[in-house]
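Asker: just to be clear, the model below is a prediction. Sequence and coordinates:
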Amino acid sequence: MKALARLWRRLPGTAKAGVIMLGVFVLIAIIGPEVTPYDPGVTTPLQAASPSSAHLLGTTQTGQDVLSQFLIGVRLTLELAFWVGVIATALSVIVGVTAAFLGGIWDEFLSLVSNVFLVIPALPLLIVLLGFLNGTSAGQGQLPVILVLSLLGWPWGARVVRAQALSIRSRDFIAAARETGERGWRIIFFDIIPNIISLIAASFVNTVLYAVGASVALAFIGLTDPNSWSLGTMLYWAQLGNALQIGAWWWYVPPGLAVALLGTALVLLNTGIDELTNPRLRDARSATKIAGRRVWPTDPTPVLGALNGRGGLAGLARPFGRKSLIDEAALARIPGGNAEKAGEL
Amino acid sequence: MQFILRRLAFYLVAAWVAITANFFIPRAMPGDAVDAILAKFPNLLPPARKALEATLGTGDQGSVWSQYVSYLNHVFHLDFGASLSNYPTPVTTIVANGVYWTLGLVGVATVIAFTLGTGLGILAGWRAGGRLDRALPAMMFLQATPYFFLALLLIQVFGITLGYFPVAGAYDGINYTPGWSWAYFTNVLDHAFLPALTIVVTSVAGWMLQMRNVMVTTVGEDYVVAAQAKGLPDRRVIFTYAARNALLPQLQKFGLALGFVVSGALVMEIVFSYPGIGYLLLNAAASKDTPLMQAIFLLITIAVLAANLLVDLVIVLFDPRVRTREAT
C-alpha cells in the first residue's frame, strides 16, 4: 500500500488523469450490468426517442434502451481488452524471455518468428480470419475475437522484452546466480522478470489499447457476433439503423466517445509509465524557462553569466524547483535589466 | 550490402509465411465451406465449384502437398481465379480497380499526417514543457478516437447538416465521367476531402508523440549541447543536429505506415463507401468471397514488406552507423 502511494506521487499529472479515467470505466464495467434499467435486446414501440427520464440516453431505432446497451457494452469491451492484454502479454514475456535466456539458435528462431508476425499486417489478417469464422458455430460470443487478437498481439511486446532481458542477462548478478547453481526457471522468474516488470506493464497497457481499437473496429464492420452488446456492436447497429440520417446522436455518440476516452486514458497511462522509466522524458516536464531558453535539470551546472543583448540573462538557470536561488532584488539592480524581467525569471 | 541481403532474406521468409498462412487458413476453418458459399451465390457456374474446392481444400484434390504446390504456382502467376460475388470477373481486375483509389487517398493523407506530425513533434520536443507540449493530452484524445467514429461525426456535421461535402463514393458517377477533365478532378477532390481529413486528424498525434519523445531524448545529447555552446543558430541546431538524428526511428515507422496505405484505412473506407482496397476486402469478407479475400490479403502483405525494404534502404543511406556495423 505504501509502495503504491509512493508510486502514485511519482506519477506525472497526465498519468494520474489517465488512471482516474480508467478507474471510472472499470467501475462502470463492474457495476454497470447490475444496474441496467432495461434488457438491452428487448425492442419496444418507442422508436429512436431522444433522451428522457425514462430512457436517459434515448432509444434505438427498434426501441432498445441505449443506456442499458452502453453499460453492458463497456463491460464487454473492457473484459475483452483485458483478456487480450493478459494472454498476449503473457505470450510476449514467454517468447521474449525464453529467446533472451536460451540465446543461440533458439533466439534466432524466436526473433525471426516475432519479426515475421510483426511485419505481417494484422488488421487485414484479422478480417480474413474473422470473415471465415463469422456466422459459423465457432464464431459465437467474444472468445474467438479474444483468441485471434491475442494470437496477433504479442510480437511487439516480445521484441521489447527480449531486448531488455538480453541486457539484464549479461549483468553480473545473473552470472552470480548461475555460478551458485540456481536453476534456469528460478533465474527467469526471480531475477529477470522482476527487473523488467515496468516494461511488462507498459506492454500490457499497449496491448489493451490495441485490443480496444481493433475489437471495436472489427465489431463496427460487423465481423464479430452482432448479438453481444460491445461498444463496437452498438456502433455497428447505429450505422445499420441509419442513426446519422435520422439524427439520433444519442445512439452513436456515447459508445464512440467512450472508446475515445478509454483510449485516451490508456495512452496517458502509458506515457506516464514511459516517463517513470525514462528520466529524460520525465525531466522534460521540469524544464525551466530562462531568458527564452529552456534549461533541464540534466544540463550542466548553470552559471550566472553575462547579460545578453536583449537585457535578459544568458546561461542562468534555476533547475531544481520553483524557489529562486538568486536574490531578485539584486537582479533588479543589474544595469540593463529591470525588475519586471527579473520577475519573469 | 550484407545488411541489405539479410533484410531481403528476412522479407522473403515473411512473404513465404504470409502466402502459406493464406493457404492453410481456409483449410483450418470449421464447417463445409463450399456448400455454404455456393448457397450464397446462385449465379455461380459449375467451374466455380471446382475452383472453390481447390481454394478451400475440400473434395478430391490429392495430397495437401500437391495442393500446396499448385497453389504456389497460381500465386506466382498472379492467378487468383474468379471473384465469387462478381462472377466471373477475375479477382485481379477487381483489385486493380480498387488499388489506385486507396493509393491516392490514403497515400496522400499519410504523407500529410507524417509531415505535419513530425514537424509538430520537433517543435514540441525542442521546447519540451512548452505551450505546444502541453497540448499533447488533447492530441492523445484525437489519436485515441476511433477514426470511424470521427468519420461519422464529420459526415453528420459537414456532410448531412451543412451539406458542404459529399459523404459517399469516390466521385459522382451520374454527372461526371472519369477522365482528365478539371470538373472530374475537383469532384474527386471533393469526395476525398472528408476521408483524408479523418485520417490526418486521427494519425497526426501518433507521429507527433513519437517524434517529440525521440526529440526530447536527442536534445539532451552532448553533441546538441555542444552545437548550442558553439553559438549556432537555433534553427540549425534543431534541424541539422537534433531532428536529423531523431528522424531515424520515425522513418522506420513511416515504412510500416506506407505499407498500410495499401490496406487503406480499412474501416474508414467502409464508412465513406470509398471504393478502395479496404472496402473490397470488407465486402469480400462479409460475403465470404474467398478468392478475392486471399488476393487482397496477399497484396497488402507484399506492399507492407516492400515498403519496409524500401525504408531499410533509405536508412542505410541516412545512417552511417548501419554501414559501419556491417564493416566490422
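Answerer: All right, it came through fine.

Asker: what is the burial count for the closest residue to chain A within the stretch 51-200 of chain B?
Answerer: Closest residue of the stretch 51-200 of chain B to chain A, CB to the nearest CB: residue B:144 (2.7 Å). Glycine gets a C-beta too; all of them are placed from N, C-alpha and C. Neighbour count for residue B:144, taken as other CB atoms under 10 Å in any protein chain shown: 23.

Asker: and it, what does it touch?
Answerer: Taking CB atoms under 8 Å, 6 or more residues apart in numbering or on different chains, we find residue B:144 in contact with A:209, A:259-264, A:266-267.

Asker: gap between the closest residue to it other than its chain neighbours and residue B:277?
Answerer: Of all residues not flanking residue B:144 in the chain, residue A:263 sits nearest, at 2.7 Å (CB to CB, 6 or more residues apart in numbering or on different chains). Distance, residue A:263 to residue B:277, using CB to CB, to the nearest Å: 25 Å.

Asker: okay, those two: which has more neighbours?
Answerer: Shown here are residue A:263 and residue B:277; by other CB under 10 Å, residue B:277 has more neighbours (28 against 21).

Asker: spatially nearest residue to the residue of the stretch 201-328 of chain B found nearest chain A (excluding sequence neighbours)?
Answerer: Going by CB to the nearest CB, chain A is nearest to residue B:285 of the stretch 201-328 of chain B, at 3.0 Å. In space, and not counting its chain neighbours, residue B:285 is closest to residue A:131: 3.0 Å by CB to CB, 6+ apart.

Asker: now do the one you found, the pLDDT please.
Answerer: As predicted, residue A:131 sits at a pLDDT of 77.

Asker: before we move on, back to that, may I have the secondary structure class of the residue nearest to residue B:144?
Answerer: When classified by DSSP: H, G, I helix; E, B strand; the rest coil, residue A:263 comes out as helix.

Asker: about what we covered before: among the contacts of residue B:144, which one has the most neighbours?
Answerer: residue A:259 (29 neighbours).

Asker: buried ones in the helix or strand encompassing that residue?
Answerer: Taking DSSP states H and E as the definition, one finds residue A:259 inside helix A:249-277. For helix A:249-277, the neighbour count (16 or more other CB atoms under 10 Å in any protein chain shown) marks A:249-256, A:258-276 as buried.

Asker: against which helices or strands is that helix packed?
Answerer: For helix A:249-277, the elements it packs on are helix A:13-31, helix A:66-102, helix A:197-220, helix A:231-240, helix A:279-285, helix B:136-144, helix B:147-154, judged by 3 or more CB pairs under 8 Å, 6 or more residues apart in numbering or on different chains; DSSP states H and E.

Asker: wait, residue A:207 sits on residue A:83?
Answerer: No: using CB atoms under 8 Å as the test, residue A:207 is too far from residue A:83 to be in contact (10.5 Å).

Asker: who has more neighbours, these two?
Answerer: When residue A:207 and residue A:83 are compared on other CB under 10 Å, the one with more neighbours turns out to be residue A:207, at 27 against 19.

Asker: mind listing what that one touches?
Answerer: A:84-85, A:88-89, A:92, A:153-154, A:157.

Asker: does residue A:40 fall in a helix, a strand, or a coil region?
Answerer: Residue A:40 - assigned by three-state DSSP - is coil.

Asker: ok, residue B:86 next?
Answerer: Per three-state DSSP, residue B:86 ends up coil.

Asker: for it, give its distance to residue B:98.
Answerer: Distance of residue B:86 to residue B:98, given as CB to CB: 12 Å.

Asker: which of the two has more neighbours?
Answerer: A direct count of neighbours by other CB under 10 Å for residue B:86 and residue B:98 places residue B:98 higher, at 24 against 17.

Asker: pLDDT below threshold where in the stretch 101-250 of chain A?
Answerer: Along the stretch 101-250 of chain A, the model assigns pLDDT under 70 to residues A:134-139.

Asker: longest single helix anywhere in chain B?
Answerer: Longest helix in chain B, counting residues (DSSP state H): helix B:182-219.

Asker: between the next helix or strand after that one and helix B:182-219, what angle do the directions make?
Answerer: Downstream of helix B:182-219, the next assigned helix or strand under DSSP H and E is helix B:222-229. If you take axes from the mean of the first three to the mean of the last three CA atoms, to 10 degrees, helix B:222-229 sits at 100 degrees to helix B:182-219.

Asker: is helix B:222-229 positioned near chain A?
Answerer: Yes: using CB under 8 Å from any CB of the partner chain, helix B:222-229 reaches chain A at residue B:225.

Asker: let me know the next secondary structure element after that helix.
Answerer: Past helix B:222-229, the next helix or strand by DSSP H and E is helix B:234-236.

Asker: contacting residues around that following helix?
Answerer: Outside of helix B:234-236, the residues that reach it under the criterion CB under 8 Å, 6+ apart are residue B:227.

Asker: looking at it now, give me its mean pLDDT.
Answerer: pLDDT averaged over helix B:234-236 gives 86.

Asker: let me know the secondary structure of the nearest residue to residue B:193 once chain neighbours are set aside.
Answerer: Of all residues not flanking residue B:193 in the chain, residue B:165 sits nearest, at 5.5 Å (CB to CB, 6+ apart). Following three-state DSSP, residue B:165 is assigned to coil.

Asker: where does residue B:165 land on pLDDT?
Answerer: 80.

Asker: that one against residue B:158, yeah?
Answerer: Yes: if you go by CB under 8 Å, residue B:165 and residue B:158 touch, sitting 5.2 Å apart.

Asker: overlap in contacts of these two?
Answerer: The contact sets of residue B:165 and residue B:158 overlap at residue B:194 (CB under 8 Å, 6+ apart).

Asker: please report how far residue B:96 lies from residue B:85.
Answerer: 16 Å.

Asker: do the same with residue A:59
Answerer: With distances taken as CB to CB, residue A:59 is found 35 Å from residue B:85.

Asker: residue A:37 now?
Answerer: 42 Å.

Asker: what's around the closest residue to chain B within the stretch 51-200 of chain A, how many residues?
Answerer: The stretch 51-200 of chain A approaches chain B most closely through residue A:131 (3.0 Å), counting by CB to the nearest CB. Neighbours of residue A:131 under the rule other CB under 10 Å: 24.

Asker: residue B:169 too?
Answerer: 13.

Asker: not counting its neighbours along the chain, what's nearest it?
Answerer: Once flanking residues are discounted, residue B:169 sits nearest to residue B:273: 5.7 Å by CB to CB, 6+ apart.

Asker: list phi and psi for that neighbour.
Answerer: Dihedral pair for residue B:273: phi 50, psi 40, per degrees, to the nearest 10.

Asker: that one and residue B:166 touch, don't they?
Answerer: No: Residue B:273 is beyond contact range of residue B:166, at 10.3 Å (criterion: CB under 8 Å).

Asker: quick revisit: save the contacts of residue A:207 as JSON lines, and put in neighbour count too.
Answerer: What follows is the contacts of residue A:207, written out as JSON lines (neighbours: other CB atoms under 10 Å in any protein chain shown):
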{"residue": "A:84", "neighbour count": "28"}
{"residue": "A:85", "neighbour count": "25"}
{"residue": "A:88", "neighbour count": "28"}
{"residue": "A:89", "neighbour count": "25"}
{"residue": "A:92", "neighbour count": "26"}
{"residue": "A:153", "neighbour count": "25"}
{"residue": "A:154", "neighbour count": "26"}
{"residue": "A:157", "neighbour count": "26"}
